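**Student:** generate a structure from the sequence data that follows.
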Amino acid sequence: MATRLKSLPPLPDQDASVQRDTMATATYGVLDERNSTGEYRMTLSIAADGSLTQVVAELPQEAMHNKAVLESVKRWTYEPAVKHGQLKDAKIDVMVRYRDGRVSFVPDPVARAEN
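**Tutor:** Next up, the predicted model:
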């Protein structure tokens with residue numbers, strides 16, 4: 001098996017990413033109507049094996065909102081970064097937009113590979 005793997009061409013360089021078709025809109029119960037609309041950025045840490053290792057939100061949100069967002073990102077499918085043929089840990093920024101109990105997600109086109 002190792003011999004066959006060595007004979008394969010190296011992986012092409014790519015940024016870490018989220019498969020867009022897994023980024024479904026989430027819903028949650030709005031507790032505070034004054035804070036029912038807005039947007040913020042969150043940073044996702046993606047391990048070299050494609051697993052989600054950390055989620056950091058730019059701004060704190062209501063507990064129900066946070067729960068809906070975290071449940072969503074745990075269901076997404078991630079692609080790790082590849083640099084010089086090696087899988088790498090990376091960070092991805094995602095814009096979170098919410099309004100009246102619905103949350104949508106827009107990935108930032110530029111991921112940051114970690115060394």
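**Student:** find the least confident helix or strand in the chain, judged by mean pLDDT.
**Tutor:** The helix or strand of the chain with the lowest confidence, counting by mean pLDDT, DSSP states H and E, is strand 112-113 at a mean of 54.
**Student:** Gly14 and Glu79, how far apart?
**Tutor:** Gly isn't right for residue 14; it's Gln. Going from Gln14 to Glu79 by CB to CB, to the nearest Å gives 7 Å. Bear in mind the C-beta positions are built from the backbone N, C-alpha and C, glycine included.
**Student:** what bridges to the most centrally placed residue in the chain?
**Tutor:** The C-alpha lying nearest the average C-alpha coordinate of the chain belongs to Leu44 (CA atoms, centre = their mean; 4.7 Å). Each beta-bridge partner of Leu44 is listed here: Val55, Ile92, as defined by DSSP bridges.
**Student:** and it, how far is that from Asp100?
**Tutor:** Here the distance between Leu44 and Asp100 works out to 25 Å (CB to CB).
**Student:** circling back: contacts only, for the residue nearest to the centre of the chain.
**Tutor:** Shown here is Leu44, whose contacts under the criterion CB atoms under 8 Å, 6 or more residues apart in numbering are Val18, Leu52, Gln54, Val55, Val73, Tyr78, Lys91, Ile92, Asp93, Val94.
**Student:** so the third one touches Ser45, yeah?
**Tutor:** Pointing back at Gln54 there. Yes - because the distance of 3.9 Å satisfies CB atoms under 8 Å, Gln54 is recorded as touching Ser45.
**Student:** more crowded one of these two?
**Tutor:** Remark: of Gln54 and Ser45, Ser45 carries more neighbours, 18 against 10, as counted by other CB atoms under 10 Å.
**Student:** how deep is the nearest residue to Val56 once chain neighbours are set aside tucked in, by neighbour count?
**Tutor:** Closest residue to Val56 in three dimensions, ignoring its sequence neighbours and counting by CB to CB, 6 or more residues apart in numbering: Thr43, at 4.7 Å. Neighbour count for Thr43, taken as other CB under 10 Å: 15.
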